[in-house]
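> Here is the input, now give the coordinates:
(chains A and B)
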Amino acid sequence: MTGTWISTRAWLLMLPLLVVMTAVIGWPLVDTVRLSFTDAKLVGTEGGFVGTANYIKMLGGSNFQRALVTTTWFAVISVAAEMVLGVLAALLLNQQFRGRTALRALMILPWALPTVVNATLWRLIYNPEYGALNAALTQLGLLDSYRSWLGEPGTALAALIVADCWKNFPLVALIALAALQAVPRDITAASLVDGAGPFNRFRFVIMPYLAGPLLVALVLRTIEAFKVFDIIWVMTRGGPANSTRTLSILVYQEAFSFQRAGSGASLALIVTLLVTILAAAYAALLRKAAGAS
Amino acid sequence: MERQSPLFSVFIHASALLLAVVILAPVAWLLIMSISPAADLSAKPLAWWPSDIDLSRYRTLLSAVENSAGAAFIASLLNSIKVAGMATLAAVVVAVPAAWAVSRTPAVAWSLYAVIATYMLPPVALAVPLYMGLAYFGLLNSVFGLALVYLTILAPFTTWLLKSGFDSIPREIESAAMIDGARLDQILRILTLPLAAPVMATSALFAFLLAWDEFFYALLFTSDQRAKTLTVAIADLAGGRVSDYGLIATAGVLAALPPVLIGLIMQRALISGLTSGGVKG
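Next comes the predicted model:
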């Protein structure tokens, strides 16, 4: 069989997927670009060409700048915490102790819980009048009076980050654990014989095995955290006083609550560009790491 | 095995206990809220253990009396099953041939990376045209429309999983059959697809869970019982003026049950699926 026929056949087999992807991803993306240069409304008005007015308005607005800061805080802190907690949990699960298998199975629970159920559960835990967190802290004598964890700008974002971490650190732990189990036993044994302390052992013997998988987890989690919508919408809707309004929430409000499709589309593309830059930077990092090892 | 000092062993066991409590406590509290009498949940100090097991909320949500909370809940449950089922089926149908082609034809592999790159796109980048398109075709507030939109997530994801599945089936088996004079469709039907059946089942389950979990598009594109999915119904309950928090918790337990059961049963496949991308890097 000739090479041409083989690649023609491959393209034919890929045709259904490519048609679907063009219809549900390609076309909407192109149309978002078109809309971003118009003043179209979501319903009714087709809108006329306005050039880069939407971009200038959105980039210059304080809403965008504040949402960018909020999103960055959310992404950096929750992903960093998930990485640290995940690796610590993986190191623990890699030890010998009774109940290890059961504990490893438990780690699936937060991951399997639907995002909306997780958000609802934590919303109930943080409830200002009847929530379990208030009850537990006051009964332990750590808190004088009940607080509205999600209702105060000072604590709402932190409360969201805790809920997000609880759901996602077990996934990092499972990925790190699989990497740890790939470390050959004789290497750790040899490092012990050579007198390496726990820190040096982690840094020079274990870390090389962990770095690759962790980096991939870091990339995926950061991109997800940067796009965050569900957990915030269910728990605070971006409030109080817009203190938890991330970029995706802002786009939703602009395009759907205020029905300004044009400026909403320009904002969405700005977010897309930021995610792409982030992903490209990570890709370069990954290639460098792959080249180094 | 390294020697463990007693102190180290105590430390490990204490940490394991702490981890178990951190993981279990929120889930256990969700279960307890769902079976506690309403009075216990609003008591001060809070009753941590139900004074009496109250299963009435499960009966309420699972009974289809017309115009009741149960009818709305069951409608959204059925919508979730329909949407996730249709989207998964469609995704597998388009992904199987594409994944096989990419796996066997390295020259076209770049197209797969283009498909996977769409994973980075925030859903907000597609939402406005999708909304207008669905409105144009009369598919807003329809399970078919929502299932179609879910292909934006499910199709790339399934193709990626299936491609690594096909990669693990040696192509020598296929070339041997080809030399013996079998046609391509026979090879695929008799050899490759049966060998790939476990991978296809795992991919389909993952895709189903992904659709079950989806919230953003469902929030935008559905408005009432005809198409609202479980995630939207639960968010409505949580954000509404429901005075019985136990009812919200019960809806959460019921929505979490299928993915949690699948997660626990499929542990092994799940972990290898989660890590294969990571380990291969």
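> Can you report how many residues lie near the residue of the stretch 151-281 of chain B found nearest chain A?
For the stretch 151-281 of chain B, the nearest residue to chain A under the criterion Cβ to the nearest Cβ is B:Gly263, separated by 3.4 Å. (C-beta placed from N, C-alpha, C; glycine too.) Other residues within reach of B:Gly263, judged by other Cβ atoms under 10 Å in any protein chain shown, total 21.
> Isn't it up against A:Pro110?
No. Because the distance of 9.9 Å does not satisfy Cβ atoms under 8 Å, B:Gly263 is recorded as not touching A:Pro110.
> what's near enough to touch the residue of the stretch 151-281 of chain B closest to chain A?
Applying Cβ atoms under 8 Å, 6 or more residues apart in numbering or on different chains to B:Gly263 gives the contacts A:108-109, A:111-112, B:270.
> what do you get for B:Thr60?
B:68-70, B:247, B:250.
> got CSV for the residues you listed, with neighbour count, secondary structure and distance to A:Val216 too?
Converted to CSV, those look like this (neighbours: other Cβ atoms under 10 Å in any protein chain shown; DSSP: H, G, I helix; E, B strand; the rest coil; distance: Cβ to Cβ, whole Å):
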residue, neighbour count, secondary structure, distance to A:Val216
B:Ser68, 13, coil, 47
B:Ala69, 18, helix, 43
B:Gly70, 18, helix, 44
B:Leu247, 21, helix, 40
B:Thr250, 26, helix, 38
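> And those, which is closest to A:Leu220?
For A:Leu220, the nearest member of these is B:Thr250. The distance, counting by Cβ to Cβ, is 32.6 Å.
> Contacts only, for the closest one.
Listed by Cβ under 8 Å, 6+ apart, the contact set of B:Thr250 reads B:34, B:57-58, B:60-61.
> so which pair among those is furthest apart in space?
Looking at those by Cβ to Cβ, the two members farthest from one another are B:Ser34 and B:Thr60, with 11.2 Å of separation.
> now, which of the contacts of B:Gly263 lie within helices?
Counting by DSSP state H, the members of the contacts of B:Gly263 that fall within helices are A:108-109, A:111-112, B:270.
> ok, so of those, who is nearest A:Leu35?
With Cβ to Cβ as the yardstick, the closest approach to A:Leu35 among the ones in helices among the contacts of B:Gly263 comes from A:Trp111, at 36.1 Å.
> pretty sure that closest one contacts A:Lys167?
Yes. With the criterion set as Cβ under 8 Å, A:Trp111 and A:Lys167 qualify as a contacting pair; they are 7.1 Å apart.
> Distance check, A:Leu192 against chain B.
Using Cβ to the nearest Cβ, to the nearest Å, we find A:Leu192 at a distance of 6 Å from chain B.
> thinking again about what came up before, export the ones in helices among the contacts of B:Gly263 to a markdown table and tack on pLDDT?
Formatted as a markdown table, these follow (pLDDT from 0 to 100):
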| residue | pLDDT |
| --- | --- |
| A:Ile108 | 91 |
| A:Leu109 | 93 |
| A:Trp111 | 92 |
| A:Ala112 | 92 |
| B:Leu270 | 70 |
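> Can I have the buried ones of the residues you listed as a ChimeraX selection?
Only the buried members of the ones in helices among the contacts of B:Gly263 enter the following ChimeraX selection, criterion being 16 or more other Cβ atoms under 10 Å in any protein chain shown:
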select /A:108,109,111,112 /B:270
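> is any part of stretch A:252-272 close to chain B?
Yes. Applying Cβ under 8 Å from any Cβ of the partner chain, one finds stretch A:252-272 touching chain B at A:252, A:255-256, A:261, A:264-265, A:267-269, A:271-272.
> what about that stretch, distance to the chain center?
Averaging C-alpha coordinates over stretch A:252-272 and over its chain gives two centres that are 21 Å apart (Cα atoms, centre = their mean, to the nearest Å).
> Next: stretch B:207-226.
Stretch B:207-226 has its C-alpha centroid displaced from the chain centroid by 11 Å (Cα atoms, centre = their mean).
> Specify the local secondary structure of the most centrally placed residue in chain B.
In chain B, the residue lying closest to the centroid (Cα atoms, centre = their mean) is B:Leu209, at 1.4 Å. Assigned by DSSP: H, G, I helix; E, B strand; the rest coil, the conformation of B:Leu209 is helix.
> does A:Tyr146 count as helix, strand or coil?
In the three-state summary, A:Tyr146 is assigned as coil, counting by three-state DSSP.
> That one reaches A:Asn127, doesn't it?
No. With contact taken as Cβ under 8 Å, A:Tyr146 and A:Asn127 are classed as non-touching, separated by 9.1 Å.
> These two: which has the busier surroundings?
Applying other Cβ under 10 Å to A:Tyr146 and A:Asn127 shows that A:Asn127 carries more neighbours, namely 20 against 17.
> my read is that one is in a strand, agree?
No. A:Asn127 is assigned coil when assessed by three-state DSSP, not a strand.
> which residues touch the helix or strand containing B:Ala117?
Assignment of secondary structure by DSSP states H and E places B:Ala117 within helix B:109-117. The list of residues contacting helix B:109-117 from outside it, by Cβ under 8 Å, 6+ apart, reads A:14, A:17-18, A:21, B:98, B:102, B:155-156, B:159-160, B:163.
> possible to save those residues as CSV with pLDDT, distance to A:Thr72 and neighbour count?
What follows is these, written out as CSV (pLDDT from 0 to 100; distance: Cβ to Cβ, whole Å; neighbours: other Cβ atoms under 10 Å in any protein chain shown):
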residue, pLDDT, distance to A:Thr72, neighbour count
A:Met14, 91, 38, 25
A:Leu17, 94, 35, 27
A:Leu18, 92, 35, 16
A:Met21, 93, 30, 23
B:Ala98, 93, 36, 28
B:Val102, 90, 36, 27
B:Ala155, 94, 31, 27
B:Pro156, 92, 27, 24
B:Thr159, 92, 32, 25
B:Trp160, 89, 28, 20
B:Lys163, 90, 34, 22
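> Could you single out the nearest of these to A:Gln96?
For A:Gln96, the nearest member of these is B:Trp160. The distance, counting by Cβ to Cβ, is 35.5 Å.
> For that closest one, which non-adjacent residue is spatially closest?
Distances taken as Cβ to Cβ, 6 or more residues apart in numbering or on different chains place B:Ile116 nearest to B:Trp160, at 5.5 Å, with adjacent residues excluded.
> burial of the one you found, as a residue count?
A count of nearby residues for B:Ile116, using other Cβ under 10 Å, gives 14.
> likewise A:Gly26?
The tally of other residues near A:Gly26 (other Cβ under 10 Å) stands at 15.
> just the helices in the stretch 51-200 of chain A please.
A:53-60, A:62-93, A:100-106, A:108-112, A:115-125, A:132-139, A:153-180, A:185-193, A:198-200 (DSSP state H, counting those that start in this stretch).
> can you check the stretch 51-200 of chain B too?
Assigned by DSSP H, counting those that start in this stretch, the stretch 51-200 of chain B shows helices spanning B:56-62, B:69-104, B:109-117, B:124-136, B:143-167, B:171-179, B:184-186, B:193-213.
> quick one: B:Thr60 from B:Val22, how far?
B:Thr60 sits 32 Å away from B:Val22, going by Cβ to Cβ, to the nearest Å.
> Likewise for A:Glu129?
According to Cβ to Cβ, A:Glu129 stands 25 Å off from B:Val22.
> again, but for A:Arg260
To B:Val22, A:Arg260 is 43 Å away according to Cβ to Cβ.
> who has more neighbours, the two?
A:Arg260 (21 against 16).
> Tell me who's in contact with the more buried one.
Taking Cβ under 8 Å, 6+ apart as the definition of contact, the neighbours of A:Arg260 are A:39, A:41-42, A:254.
> one more time with 6 Å
Under the criterion of Cβ atoms under 6 Å, 6 or more residues apart in numbering or on different chains, the contact partners of A:Arg260 comprise A:Glu254.
> pLDDT score for it?
Per-residue confidence (pLDDT) for A:Arg260: 93.
> Enumerate every residue touching the closest residue to B:Leu146 other than its chain neighbours.
On the basis of Cβ to Cβ, 6+ apart, the spatially nearest residue to B:Leu146 that is not a chain neighbour turns out to be B:Val83, at 4.9 Å. Residues near B:Val83 by Cβ under 6 Å, 6+ apart: B:143, B:146-147, B:229.
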